[in-house]
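Colleague: Return atomic coordinates for the entry below.
(one chain, ligands or ions: 1)
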Amino acid sequence: MTNLIIFGPPGSGKGTQAVKLSTSFGLVHLSTGDILRQAIANRTPLGEKAKAYIDKGELVPDEDVAQMVVNAVDRNTDAGGFIFDGFPRNVFQAEFLDRTLKERGTSIHYLIALEVPREELIKRLLKRAEIENRTDDNLQVIENRIKVYYDQTIPVIDHYKKQGKYYPVNGLGTIEEVNRRIGDIINKK
Ligand code: AP5
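Modeller: Take a look at the predicted model:
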């Protein structure tokens, strides 16, 4: 079983790369952002609650997201592994994920951290705003999402660095180029 976290700031390409890696390596793609947006679209109680946080670019409370992840993992008991996209987003979530996987006899193998400069993140997300309709893709909320990443999410790197699982990847270049860099890391082990 291979479990990886695709990590990085908003707009770094986590979702784009997760979709490709899930096909190449036969892993289940588990995106907390996608699950939350689906809950909002379905107007579930979780969706109604999450919307207020997402629209401001703040993190949805840990207990809600953690439960969602456990449910998704347990729905896929036959999975060859998982790509966690957008989770964990703070050290509490990282410790929770480690415990959840340990209880199921597995663990995280890689934290693939996409590195992309701030100006490029903003450029990509404003470009997506012209095409898609994400309520959090406007300059004010994008800037807060990036701030939340640097304030709350970055410490997750150290958590996995201590475990020898941290793999930084240059996230600039074409989608294919970035995908090859990640594939090289996974294939090498
Ligand atoms: P989430 O959905 O996780 O969004 P995010 O982290 O802000 O990231 P994005 O989806 O915007 O970007 P990405 O890195 O996936 O890049 P993408 O591939 O899309 O979270 C949204 C919200 O949900 C959070 O703010 C929070 O409120 C809540 N939430 C989610 N998880 C949570 C958790 N665990 N705890 C609490 N709250 C949580 O690419 C971006 C754009 O760039 C696309 O248009 C793409 O086509 C383009 N692109 C990709 N790669 C390249 C490239 N190499 N070159 C040029 N363009 C590229």
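Colleague: contacting residues for N179?
Modeller: Neighbouring residues of N179 by CB atoms under 8 Å, 6 or more residues apart in numbering: Q17, K20, L21. The way it works is simple: take the backbone N, C-alpha and C, and place the C-beta from them, glycine included.
Colleague: near the ligand, which residues of the protein show up?
Modeller: When proximity is defined as CB under 6 Å from any ligand atom, the chain approaches the ligand at 8, 10-16, 32-33, 36, 53-54, 57-60, 65, 86-87, 89, 93, 124-125, 128, 136, 145, 174-175, 178.
Colleague: Now the buried members of the residues you listed.
Modeller: Buried residues within those, counting neighbours by 16 or more other CB atoms under 10 Å: 8, 10-14, 16, 32-33, 36, 53-54, 57, 59-60, 65, 86-87, 89, 93, 124-125, 136, 145, 178.
Colleague: Do a quick rundown of the strands in this structure.
Modeller: With strands called from DSSP state E, the chain shows them at 4-7, 28-31, 82-85, 110-115, 166-170.
Colleague: which other helices and strands contact the third one?
Modeller: Okay, so that is strand 82-85. Applying 3 or more CB pairs under 8 Å, 6 or more residues apart in numbering; DSSP states H and E, one finds that strand 82-85 contacts strand 4-7, helix 14-25, strand 28-31, helix 32-41.
Colleague: quick one: strands adjacent to it?
Modeller: Strand pairing for strand 82-85, using DSSP bridges, gives strand 4-7 (parallel), strand 28-31 (parallel).
Colleague: No more questions from me, cheers.
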